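Visitor: Fold the following, please.
(chains A and B)
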Amino acid sequence: MSLSQINFVRQEMLPQQPAPLSARGAVNWIRANLIATPKDAVMTFVALILLAWLVPPALDWLFIKAAWFGTDRSVCATVAQGGIQPDGWSGACWAFVGSKFEQFLFGRYPLEERWRPILVGILFVLLLIPMLMPKLPHKGINAILLFGILPVVSFILLPGGMLGLPFVETALWGGLMVTLILSFVGIAVSLPFGIVLALGRRSKMPVIRMLCTMFIEIVRGIPLITVLFMASVMLPLFLPQGMTFDRFLRALIGVSLFASAYMAEVVRGGLQAIPKGQYEGADSLGLSFWQKMNLIVLPQALKLVIPGIVNTFIGLFKDTSLVSIIGMFDLLGIVRLNFSDANWASAVTPMTGLVFAGFVFWIFCFGMSRYSGFMERMLDKGHKR
Amino acid sequence: MRDGNERQQKKVLKMAKKILAALVGAAVMGIGTHGASAATLDDVKAKGFVQCGVNTGLSGFASPDASGNWSGFDVDYCKAIAAAIFGDATKVKYSPTSAKERFPALQSGEVDVLARNTTWTINRDTALGFNFRAVNYYDGQGFMVRKGLNVKSALELSGAAVCVQTGTTTELNLADYFKANNLQYNPVVFEKLEEVNAAYDAGRCDVYTTDQSGLYSLRLTLAAPDDHMILPEIISKEPLGPAVRQGDDQWFDIVSWVHYALINAEDFGITTANVEEMKKSPNPDVQRFLGVEADTKIGTDLGLGNEWAVNVIKAVGNYGEIFDRNIGAGSPLKIERGLNALWSKGGIQYAPPVR
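Guide: Next comes the predicted model:
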């Protein structure tokens, strides 16, 4: 008699069983998550009341009562205000957004030249999407195209004035286009600049360390709005008459410098989190400074501070609307500018415009935030919570 | 050692002082030379366009139209000036300026003319170094309140919260008026008119004060216009007009006479539609005005072509047409002519003769 005949030994795994009924299903989920304790139940109840109180009127205002089509203010104004809606009506005026939509995208960019920003936009999307997907190959070429070639192409296409393209001055640019250019340039410049500044601030060479520290502390210590205002109001007083820097360029430089200073501190936080042993290990392998940084320190440090980096990006994206104080009209600026169009003046126009602008900003910021979450999950090796 | 250090410190300090002094001197001189710069007309002709400072958005005066082009009462003045110089109303570039930005923009030469509903005051005419002469819109500051407050006069507004735009004469007039009448008030100030409007409509203040033209545009955006009333008091004179830098009389003349041409055109009954026909008018005044009189120097004396008035009217129409199209009966604002009617029709818009 062999042993196997006496003892029962299972040779193969049993298939996994579904969880017992008491631990699955919608009812159980509600029980476990919403009404597990009396305190939970009360809080759920309060939250439901709040939602019931807030959501239906919001949906009603945004969609059901909204005025979707029209060519002037009458569709968004009540009879008392000289429109067609019944008295006491209030709803979103999407007709306003619809009729101004192109302006919100391109500002006052000439109609017949709008294919240029559209082309740049398409190129940008075509290059950005493969860049963001880690599985796709040829990241090097992609990066060169996105960060090297595309800016050059945009620099030729958008202002024009060469290759037979009519010149479109930056004062005519506006809307989402300006917001995106400012934030893309700010992001693309601030990351490498920030890394260099962070390394400089931790450098052992006193002059470099001092310069980097001074730059970071000075730039961080001044509000962006002050710099923009100084650049637009005071600078022309000191320059010889007729000599002006392009306002858009001033804004681009200001925003990029600012983002770099903030980025430097975020990156420095990551550098400080890397144990000394990592540096020493790299040194003992005989790696040069840049090899050490590129191969050992930065990959670890940057991964740690992804939330901080994206935080800075999102902050930068939203800060771009400050350029409206120097007479440039970003998305928010152009939306607000259009409130003054008497043909669309109504009680609900400003609210609708701001909801629209807020929604567009939210889409971009939420997109960045989700992507950073994805990167964190993909890169977290050994730090998983 | 210590001595050496101190001496060195003193040396550095001295040098810093010298550098600072040089910088400040350069800056002051820079401002000085700008004020006295001459021949704006030549500059404008050389660069091929008029740089015109406008509002960053004021209903009827400067706002974007459906396709995003600037339009409005002030904008039409910019176009008129361009038409007078180039015979082409499109040769304008607009600089949207906030209430605070507008004066440095004109002082620094960033704009050639400021057509931005700017009140002509002695301070702006003298100390700030600007010149005003043509008044294209006679405005005055008024108050709007909710009917529910049961206020019949501005003198009953003691203790009220007043919404007002900052950096304007409106803000100063408000302070003066309440001080003169010994009343207390809480100013609620905002940078942008649209913010003031929203704050008032949301009930953040009891009283809204701005120029009457602004009250008309506010009325379009209030949720319930019938719940509000305008108090009878007009507390200020607000003559609005285009401003230029001091020290360039030729440019000043051009800007002023563009306005006078618009008034004269309305007076003569010359419109965009009939300007070519009117050239054949037997009236010698009209002939002279339109530059068809023999041996006329009506334009060359200004440094322009003799057809400048024709070009202005072809481009934007006469004063009445501009008013009507942008802020008057033909616009959503429906502002009455009132003081801005011609002197012959009960207003005070009056132009010297073209002769």
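Visitor: can you list contacts of stretch B:272-288?
Guide: Outside of stretch B:272-288, the residues within contact range by Cβ atoms under 8 Å, 6 or more residues apart in numbering or on different chains are B:268-270, B:290, B:292-293, B:296, B:298, B:310, B:313-314, B:316-318, B:321, B:353-355. Just so you know, the C-beta spots here come from the backbone N, C-alpha and C atoms, and that holds for glycine as well.
Visitor: average model confidence for it?
Guide: Averaging pLDDT along stretch B:272-288 yields 91.
Visitor: Quick check: closest non-adjacent residue to residue 257.
Guide: Just going to use chain A. Ranked by Cβ to Cβ, 6 or more residues apart in numbering or on different chains and with sequence neighbours excluded, the top spatial neighbour of A:Leu257 is A:Val219, at 5.8 Å.
Visitor: Chain B was what I was after
Guide: Across the structure, with Cβ to Cβ, 6+ apart as the measure, the residue nearest B:Trp257 apart from its sequence neighbours is B:Leu302 (6.3 Å).
Visitor: Spell out, range by range, the strands that occur in the chain.
Guide: You didn't pick a chain, so chain A it is. Applying DSSP state E to chain A gives strands spanning A:174, A:329-330.
Visitor: my bad, chain B
Guide: Applying DSSP E to chain B gives strands spanning B:50-55, B:63-64, B:70-71, B:92-97, B:113-114, B:130-131, B:137-139, B:141-146, B:160-165, B:185-190, B:207-211, B:228-230, B:238-240, B:244-245.
Visitor: residue ranges with poor pLDDT in the stretch 151-300 of chain A?
Guide: For the stretch 151-300 of chain A, residues meeting the criterion pLDDT under 70 lie at A:233, A:236-237, A:239-244.
Visitor: for the stretch 1-150 of chain B, same thing?
Guide: Counting by pLDDT under 70, the low-confidence segments of the stretch 1-150 of chain B come to B:1-38.
Visitor: Spell out which residues of it are next to chain A.
Guide: Within the stretch 1-150 of chain B, the positions adjacent to chain A are B:26-27, B:30-31, B:33-34, B:37, B:43, B:55-60, B:62-69, B:93-98, B:100-101, B:104-105, B:107-110 by Cβ under 8 Å from any Cβ of the partner chain.
Visitor: that older thread, which residues sit in contact with the residue nearest to A:Leu257?
Guide: Taking Cβ under 8 Å, 6+ apart as the contact definition, A:Val219 lies against A:257-258, A:260-261.
Visitor: Please apply the same query to A:Ala171.
Guide: Contact partners of A:Ala171, counting by Cβ under 8 Å, 6+ apart, are A:247-248, A:327-328, B:93-95.
Visitor: still on that earlier bit, what about the residue nearest to B:Trp257, how many residues nearby?
Guide: Using other Cβ atoms under 10 Å in any protein chain shown, B:Leu302 is surrounded by 19 other residues.
Visitor: Kindly report the same for A:Pro15.
Guide: Under the neighbour criterion other Cβ under 10 Å, A:Pro15 is assigned a count of 5.
Visitor: Ramachandran coordinates for it?
Guide: Main-chain torsions, A:Pro15, degrees, to the nearest 10: phi -60, psi 150.
Visitor: and it, how far is that from chain B?
Guide: In this structure, A:Pro15 and chain B are separated by 63 Å, where distance is defined by Cβ to the nearest Cβ, to the nearest Å.
Visitor: wouldn't A:Gln300 be in contact with A:Gln272 here?
Guide: No: at 11.7 Å, A:Gln300 and A:Gln272 do not qualify as touching, with contact defined as Cβ atoms under 8 Å.
Visitor: quick one, which of those two is more surrounded?
Guide: Of the pair A:Gln300 and A:Gln272, A:Gln300 is the one with more neighbours under other Cβ under 10 Å, namely 18 against 11.
Visitor: Contact partners for the more buried one?
Guide: With contact taken as Cβ under 8 Å, 6+ apart, A:Gln300 is in contact with A:270, A:274, A:278.
Visitor: can you list the domains in chain B?
Guide: Segmentation of chain B into domains, based on automatic domain parsing, reads B:1-35, B:40-138+B:240-345, B:141-236.
Visitor: Deepest-packed of those domains, please.
Guide: Mean neighbour counts were taken over these using mean count of other Cβ atoms under 10 Å in any protein chain shown, and the top value, a mean of 20, falls to domain B:40-138+B:240-345.
Visitor: what about the stretch 1-150 of chain A, any weak spots by pLDDT?
Guide: In the prediction, the stretch 1-150 of chain A carries residues with pLDDT under 70 at positions A:1-6.
Visitor: Tell me which stretches of it form helices.
Guide: A:3-6, A:25-33, A:38-59, A:94-106, A:115-132, A:139-143, A:150-157 (DSSP state H, counting those that start in this stretch).
Visitor: Ok, which of those helices comes nearest chain B?
Guide: Of all the helices of the stretch 1-150 of chain A, it is helix A:94-106 that lies closest to chain B, at 4.4 Å by Cβ to the nearest Cβ.
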